[in-house]
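Peer 1: Model the following, please.
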Amino acid sequence: MKKKPLISIIVTYYKKKKFLKKTLNSILNQTYKNYEIVFVYDDKDQKDIEYVKFFLSKFKKNKLIINKTNLGVAKSRNIAIKKSHGKYLAFIDSDDIWKKNKLSFQIDFMEKNNYHFSFTSYDVINENDIILDKRKVSVDANYENLYFSNFIGLSTVMIKKKINTKIYFPHLTTQEDFALWLKLAKKGLQLKHIKNSLVFWRKSRNSLSSSIFRKLKDAFKLYYIYEKKNLMFSLYSVMNLSYNKILKNIK
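Peer 2: Residues are numbered from 1 along each chain as shown. As a prediction, this is how the structure comes out:
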């Protein structure tokens, strides 16, 4: 019988104690069991460490990395990737929730087709777990259709660790995942979609992703610095990205 591949689940933590238990329980309840959890505690206030350690003790394979200062999600994920041992990487934010068949469905999809990257549809929930919206993906992502609209949810992504380019999140406060997806797409990696909704993505009031000014600033840096577009086209790109974001939120 073929041995099931190891999946490294990467979680970064910063002041999400209210939601962490549900996030970790959604990993524990996965029907797929061959995984390790690589958890990065990214908060200089270390009062929640014992709480985190208690829940991590429930996992057979767990690795806790404690940052001495707040490094941000990009640097923290990059540290976790270096410390991971899985054939595949899966990411989940510490307030999101996976449906119990998320890993098994996704790994089967990727192994059967020899895909290197996949992402899924997801449901948007609020702080009380009430569904606000359903984000359905119906096409594979490529550089052209992704450039003005990031429709890939981080917590839905699974990626083979050994590909033809380095998996590295640029040092942005937000948009770091979008920057990586664009880089991989530009390198020619196939970003395959799964139409099934396998994740609950939490929209919270105080999350970094809700900071409009920060996201606009980072979006400009993404296009101007990382994508090396000129000033005018970078501003144009930010406007289009913002417009598509607004459309997505009012549907």
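Peer 1: can you list contacts of the longest strand belonging to the chain?
Peer 2: Taking DSSP state E as the criterion, the chain has its longest strand at strand 192-202. By C-beta atoms under 8 Å, 6 or more residues apart in numbering, the residues outside strand 192-202 that reach it are 19, 92-93, 95-99, 101-102, 105-106, 109-110, 113, 115, 117-127, 129, 131, 134-141, 153, 155-156. (C-beta placed from N, C-alpha, C; glycine too.)
Peer 1: Emit the PyMOL select command for whichever of the residues you listed are buried.
Peer 2: Buried residues within the contacts of strand 192-202, by 16 or more other C-beta atoms under 10 Å, are selected in PyMOL with:
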select buried, resi 19+92+93+95+96+97+98+99+102+105+106+109+110+115+117+118+119+120+121+122+123+124+125+135+137+140+141+153+155+156
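Peer 1: tell me the mean pLDDT over the longest strand of the chain?
Peer 2: The average pLDDT for strand 192-202 rounds to 98.
Peer 1: Counting neighbours, which bits of the helix or strand following that strand end up buried?
Peer 2: Scanning forward in sequence from strand 192-202 by DSSP states H and E, the next helix or strand is helix 212-221. Residues Lys215, Leu216, Lys217, Asp218, Ala219, Phe220, Lys221 are the ones in helix 212-221 that count as buried (16+ other C-beta under 10 Å).
Peer 1: quick one, helices of the stretch 51-200 of the chain?
Peer 2: 73-83, 102-113, 143-146, 176-186 (DSSP state H, counting those that start in this stretch).
Peer 1: Let me know the pLDDT of the most centrally placed residue in the chain.
Peer 2: What sits nearest the mean C-alpha location of the chain, by C-alpha atoms, centre = their mean, is Leu154, with 2.3 Å. With respect to pLDDT, Leu154 scores 98.
Peer 1: What is the neighbour count of the nearest residue to it once chain neighbours are set aside?
Peer 2: Take Leu154 and drop its neighbours on the chain: the residue closest to it by C-beta to C-beta, 6 or more residues apart in numbering is Asp177, 4.5 Å away. Per other C-beta atoms under 10 Å, the neighbour tally for Asp177 reads 22.
Peer 1: OK, contacts around Asp177?
Peer 2: Contacts of Asp177 by C-beta under 8 Å, 6+ apart are Phe91, Asn150, Ile152, Leu154, Val157, Phe169.
Peer 1: just checking, Pro5 touches Glu36?
Peer 2: No. If you go by C-beta atoms under 8 Å, Pro5 and Glu36 don't touch, sitting 11.6 Å apart.
Peer 1: Tell me which of those two has more neighbours.
Peer 2: Glu36 (18 against 15).
Peer 1: Would you mind getting the angle between the longest helix anywhere in the chain and helix 176-186?
Peer 2: In terms of residue count, the longest helix belonging to the chain (DSSP state H) is helix 231-250. Comparing the axes of helix 231-250 and helix 176-186 via axes from the mean of the first three to the mean of the last three C-alpha atoms, to 10 degrees yields an angle of 110 degrees.
Peer 1: Quick check: buried residues in helix 231-250?
Peer 2: Ser234, Ser237, Val238, Leu241, Lys245.
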